[in-house]
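Colleague: no letters, just coordinates:
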Ligand SMILES: Cc1cc2nc3c(=O)[nH]c(=O)nc-3n(C[C@H](O)[C@H](O)[C@H](O)COP(=O)(O)OP(=O)(O)OC[C@H]3O[C@@H](n4cnc5c(N)ncnc54)[C@H](O)[C@@H]3O)c2cc1C
């Protein structure tokens, strides 16, 4: 049976030293996020997810969701009760605006809690996760009337939200959408079409579900330029806020899938359903991107959350399980064999996981701070820089974060040997659950293209230049500190590889866009390594300072320093190989005809 302990100490360390919560007390919401309040959120939130959500993770996976003949869907046993507790305790309202019933806390604090929720039960966490995306889109693009009608109940969790993009013929290429929206005399639209793979599309957790749907209006270009966004509630909402008639939207089936069984992935049929335009006609993609950007950071967090729970259990297993002897001689001679922990190859997997998880946690929380700064920083310049940086890093957090999340889950399973493959140990569920995060919200290949094809050249490279400058400056300062010099030099080296790869795209991408396509994926990983390197530099700096100041938790702080060294020695060197892959270009990749691929 897996166990879960929320990593409160590490979160606290990062919030204090990497994010610097206290330094930002002038930002909206930060004043009320005092150390005591944040501690209470982490402690109580961690307790809630460990005691209420975690026990439902394996049972929810085994039972899955059930669609009934009338199109209704029930979630696994215990989910409805757990969701009521979640709503009652207000866990979904942490960072929502106060004017809509939220607690107005910084996004970064809510993100810390969300990581715990994902570790405890990723399938459960997706229900409120999708709702947050819907809130973000309505707040950014909805009319005041739409906001007043839908947002308070979405914030409280009484209603759920979904995002409906995908159709059978249309996944990555949203220009292929066929769902139609016909204007009606009363200003509403009649929505007709089929959406597939809709997470949380139908369920029994909330009294209403607010679908945000992409569709095309008559005469609109049959491309991504012709897409509009609509809000389509499951139950129409009367002017007094009460629920009205059932809308013509229903769940046709639920998918049988590899993981996240407890989250209902639905085929949604819109049969002349009543919907209302959100924002401007034919500007739907821009509106949906607001939702998708929030969701992409949330999916990156899924990589981290699943990696953490898988890793924690692998650590325990490596302590308990005895096989073979240490290469340097028996560690426990009184026993017949030593624990797995003595084997360097087992440690390789665990240290890779530890270094990546703690780095990713810092990156996700710093990313969340950038979202707070983007909206709330005092000067336009600060808001702009934060927006640039988080825009650049969003595909990295999503793509690199979930690739690593899956790799860590698989390595954690590997630590268990054959037992990792056996259901009751729980590890294979983490591998299955982690896999989807690499696919949805734009596949990781598409994230890489977003990074290289869109984010790098945007505004003449302003964002990537800001990122280079930040890393270079922090590394330069750290080099003069003897305790940090080695780490800082290795980070500088990795940054040099990233800069060289960027210049290679500039020199080669114009004549042949396939060069960009071929190098995008290794580039996303290269930037991930540099971003995590920056996080490790900050963590090492903070750990040194704490130790020098006589910090209480010596073992924790020393472990930070060792792990930073591991990252610098064992992970950062990958940067050179990734650069060489990029410079290997696209020629051989694109040369074969499809019929030459299968060698039989
Ligand atoms: C469990 C689950 C839940 C989901 N939840 C939702 C949801 O709530 N709402 C929703 O709208 N959708 C949802 N999806 C859909 C998901 O977002 C899509 O499956 C995903 O975006 C990929 O689209 P596709 O499956 O059609 O693959 P395709 O677009 O057909 O892609 C196939 C392959 O080709 C690659 N590819 C395609 N185009 C390009 C390109 N231009 N450049 C480089 N490579 C490319 C892709 O990376 C991928 O490897 C969900 C899917 C699943 C499985």
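Modeller: All right, it came through fine. Source: prediction; values computed, not measured.
Colleague: residues of this structure that sit close to the ligand?
Modeller: 163-166, 171-172, 197-199, 257, 265, 436, 439-443, 445-446, 449 (Cβ under 6 Å from any ligand atom). C-betas here are computed from N, CA, C, even on glycine.
Colleague: drop anything exposed from those residues.
Modeller: Burial by neighbour count, 16 or more other Cβ atoms under 10 Å: within those this picks out 163-166, 171, 197-199, 265, 436, 439-443, 445-446, 449.
Colleague: give me the subset of the residues of the chain next to the ligand lying in helices.
Modeller: Of the positions in the residues of the chain next to the ligand, 436, 445, 446, 449 sit in helices, assigned by DSSP state H.
Colleague: so who does the last one touch?
Modeller: Residues counted as contacts of residue 449 (Cβ atoms under 8 Å, 6 or more residues apart in numbering) are 516, 517, 520.
Colleague: with the second one instead?
Modeller: Under the criterion of Cβ under 8 Å, 6+ apart, the contact partners of residue 445 comprise 520, 521.
Colleague: same thing but 7 Å
Modeller: Going by Cβ atoms under 7 Å, 6 or more residues apart in numbering, residue 445 touches residue 521.
Colleague: distance of it relative to residue 224?
Modeller: 18 Å (Cβ to Cβ, to the nearest Å).
Colleague: may I have the secondary structure class of residue 182?
Modeller: strand (DSSP: H, G, I helix; E, B strand; the rest coil).
Colleague: hang on, it packs against residue 216?
Modeller: No - using Cβ atoms under 7 Å, residue 182 makes no contact with residue 216, being 10.3 Å away.
Colleague: and the two? Which one has more around it.
Modeller: A side-by-side neighbour count of residue 182 and residue 216, using other Cβ atoms under 10 Å, places residue 216 first with 23 against 13.
Colleague: the closest residue to that one other than its chain neighbours - how many residues pack around it?
Modeller: Spatially, and ignoring its direct neighbours in sequence, residue 216 is nearest to residue 226 (4.9 Å; Cβ to Cβ, 6 or more residues apart in numbering). By the criterion of other Cβ under 10 Å, residue 226 has 18 neighbours.
Colleague: with the one 10 residues further on instead?
Modeller: Residue 236 sits with 15 neighbouring residues when counted by other Cβ under 10 Å.
Colleague: confidence score at it?
Modeller: Here, the pLDDT recorded for residue 236 equals 98.
Colleague: mind checking what secondary structure it has?
Modeller: The three-state label given to residue 236 by three-state DSSP is strand.
Colleague: my read: it touches residue 242, true?
Modeller: No - Residue 236 sits out of contact with residue 242 when judged by Cβ under 7 Å, with a separation of 10.0 Å.
Colleague: okay, the residue in the stretch 201-350 of the chain that the ligand sits nearest to and residue 350: tell me how far apart.
Modeller: In the stretch 201-350 of the chain, the residue that lies nearest the ligand is residue 265 (4.4 Å; Cβ to the nearest ligand atom). From residue 265 over to residue 350 the distance is 33 Å, taken as Cβ to Cβ.
Colleague: go on, residue 122?
Modeller: Separation of residue 122 from residue 350 (Cβ to Cβ) stands at 22 Å.
Colleague: so what's the residue count around residue 238?
Modeller: Using other Cβ under 10 Å, residue 238 has 11 other residues around it.
Colleague: so it touches residue 208, yeah?
Modeller: No - using Cβ under 7 Å, residue 238 makes no contact with residue 208, being 11.6 Å away.
Colleague: OK, contacts around residue 489?
Modeller: In this structure, residue 489 makes contact with residue 479, judged by Cβ under 7 Å, 6+ apart.
Colleague: just to revisit the earlier point, now a PyMOL select for only the buried ones of the contacts of residue 449.
Modeller: Those of the contacts of residue 449 that count as buried under 16+ other Cβ under 10 Å are selected in PyMOL with:
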select buried, resi 516+517+520
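Colleague: what's the residue of the chain found nearest the ligand sitting at in phi/psi?
Modeller: At 1.6 Å from the ligand, residue 171 is the closest residue in the chain, using Cβ to the nearest ligand atom. When read as degrees, to the nearest 10, the backbone of residue 171 gives phi -120, psi -90.
Colleague: do the same with residue 279
Modeller: phi 70, psi -150.
Colleague: for it, grab the count of nearby residues.
Modeller: 21.
Colleague: check what pLDDT it gets.
Modeller: Note on residue 279: pLDDT of 96.
Colleague: contacting residues for it?
Modeller: Here residue 279 is in contact with 141, 229, 287 (Cβ under 7 Å, 6+ apart).
Colleague: cool, and residue 254?
Modeller: Contacts for residue 254 (Cβ under 7 Å, 6+ apart) come out as 65, 67, 73, 264, 265, 266.
Colleague: and residue 332, helix, strand or coil?
Modeller: On the three-state scheme (three-state DSSP), residue 332 is labelled coil.
Colleague: doesn't residue 342 make contact with it?
Modeller: No - in this structure, residue 332 is not within contact of residue 342 by Cβ under 7 Å, at 8.7 Å.
Colleague: between the two, which one's more packed in?
Modeller: More crowded of residue 332 and residue 342, by other Cβ under 10 Å: residue 342, with 21 against 13.
Colleague: helix or strand with the lowest mean pLDDT in this structure?
Modeller: Ranking every helix and strand in the chain by mean pLDDT, DSSP states H and E puts helix 284-320 at the bottom, with a mean of 93.
Colleague: from the contact counts, what lies against that one?
Modeller: helix 107-120, helix 122-141, strand 208-216, strand 227-233, helix 344-376, helix 380-415, helix 427-436 (3 or more Cβ pairs under 7 Å, 6 or more residues apart in numbering; DSSP states H and E).
Colleague: distance from the second one to the middle of the chain?
Modeller: What it means is helix 122-141. Helix 122-141 sits 12 Å away from the centroid of its parent chain (Cα atoms, centre = their mean, to the nearest Å).
Colleague: immediately after that helix, which helix or strand?
Modeller: From helix 122-141 onward toward the C-terminus, using DSSP states H and E, the following helix or strand is helix 144-156.
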